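*Asks:* fold the stuff below for me.
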Amino acid sequence: MERLQSEHIRGADLVFACIGPALEIYSRYSRVVDAEDREIPLGGDPEATEPHKRGYLAYVWEAVGRAALEQVLGTAEAGTRNGAAGALEEDARLTALFLWTLQSTNGEEKAKVKSQKEKSEEPEDNEKDEGEEEETAAKGKKKKGLTLVFDVVRRFAQPLGIHLDNWEDRIIETEKGIVRLLPVGERGEQLFGDDGADMVADWLEREPTGALQLALFPDRGEVAPKVKGKKAKGKRGTDKQVSTKQEATTLDRVHAAMLLQSSGRANALRALLKAEQDRGPDFLRLANALSALYPRESEEKRLLDAMLLAVPR
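*Replies:* Residues are numbered from 1 along each chain as shown. Just a heads-up that it's a prediction; the model follows:
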């Protein structure tokens with residue numbers, strides 16, 4: 001991976017470039033077994049609880065995922081599974097892996113974002129027939145956000161102890177086999193409640209030393225994701241009741257700061273950033289990592305960079 005990255009191979013291209021050499025090693029032998037002589041299949045079942053049944057490729061994906069996390073977030077995140085001291089929370093690791101996988105080797109990602117922006121600004125053609133108008137309306141309803149195939153996200157998440165079900169409708173949305181990373185702009189009501197960023201900003205300006213943890217998720221209940229036991233087509237795991245209570249993570253606080261930046265609440269943003277500096281290094285470490293991972297033309301990249309400029313020196 002280090003050699004390929006030095007040659008500017010990025011994201012999914014890097015993942016699949018690693019699979020070839022891994023298969024070369026596996027194919028040298030008539031059988032690959034564990035210490036108890038149990039055969040390890042090539043594909044196997046990545047969800048199997050018995051290690052030898054997971055399959056060789058599951059371990060290849062895990063090795064790539066851990067190397068990616070160590071590069072973008074640090075050693076603690078790369079070594080964690082089901083939580084570890086000093087590691088960022090699951091949602092931060094999931095977001096970082098998601099964005100890392102979307103990185104492009106040849107810069108097409110930037111062009112794609114730009115072309116989508118240009119399409120959204122195209123003037124309407126009054127002479128379009130009815131069928132074309134309906135098609136245009138349908139395209140206009142396309143949800144914003146970066147996407148990956150569900151199987152790719154699952155293969156990275158499982159071995160690293162990231163439970164996708166816990167983050168449905170909080171930072172991701174899965175539909176028809178596609179996982180969408182929710183844009184920060186769609187998280188405002190979730191993080192700040194019905195009163196919006198102004199209420200939290202006023203609180204921060206009055207109580208600059210208070211814990212942002214108490215201000216976020218004002219409408220929190222005992223059920224975290226919006227799914228609340230509903231059945232959703234194309235979603236895995238969202239048809240069961242999730243009873244975990246919402247608590248603000250480092251990623252939530254970074255997103256809150258980005259939304260305060262977007263709403264122009266400079267005093268509240270400075271108070272939040274000062275409180276995070278006093279809390280520890282995780283907030284700025286994650287913010288800087290995400291700034292390096294988001295596409296250059298994305299709104300998230302712009303907000304992160306502007307927010308980081310406001311950090312007290």
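
*Asks:* pLDDT of stretch 157-170, averaged?
*Replies:* The pLDDT scores in stretch 157-170 average 91.

*Asks:* likewise for stretch 283-291?
*Replies:* Throughout stretch 283-291, pLDDT has a mean value of 95.

*Asks:* now it: buried residues?
*Replies:* 283, 286-287, 289-291 (16 or more other Cβ atoms under 10 Å). Glycine gets a C-beta too; all of them are placed from N, C-alpha and C.

*Asks:* would you check how far apart residue 294 and residue 311 are?
*Replies:* 17 Å (Cβ to Cβ, to the nearest Å).

*Asks:* more neighbours: which of the two?
*Replies:* Regarding residue 294 and residue 311, a neighbour count based on other Cβ atoms under 10 Å identifies residue 294 as having more, with 22 against 17.

*Asks:* grab the nearest non-local neighbour of that one.
*Replies:* Distance criterion Cβ to Cβ, 6 or more residues apart in numbering; nearest residue to residue 294, sequence neighbours excluded, is residue 301 at 4.0 Å.

*Asks:* phi, psi of residue 178?
*Replies:* phi -120, psi 130 (degrees, to the nearest 10).

*Asks:* ok, for it, nearest residue in space, not its chain neighbours?
*Replies:* residue 147 (5.2 Å).

*Asks:* and that neighbour, what does it touch?
*Replies:* Contacts for residue 147 (Cβ atoms under 8 Å, 6 or more residues apart in numbering) come out as 178-181.

*Asks:* returning to what we had before: so what's the residue count around the residue nearest to residue 294?
*Replies:* Per other Cβ under 10 Å, the neighbour tally for residue 301 reads 17.

*Asks:* surely it meets residue 288?
*Replies:* No - the pair residue 301 / residue 288 is not scored as a contact, 12.0 Å apart, by Cβ atoms under 8 Å.

*Asks:* low-confidence ranges, the stretch 101-250 of the chain, go.
*Replies:* Where the stretch 101-250 of the chain drops to pLDDT under 70, the residues are 106-141, 195-201, 203-215, 218-246.

*Asks:* cutoff 80 now
*Replies:* 104-142, 194-246 (pLDDT under 80).

*Asks:* re earlier: my reading is that the residue nearest to residue 178 lies in a strand. Confirm?
*Replies:* Yes - counting by DSSP: H, G, I helix; E, B strand; the rest coil, residue 147 is found in a strand.
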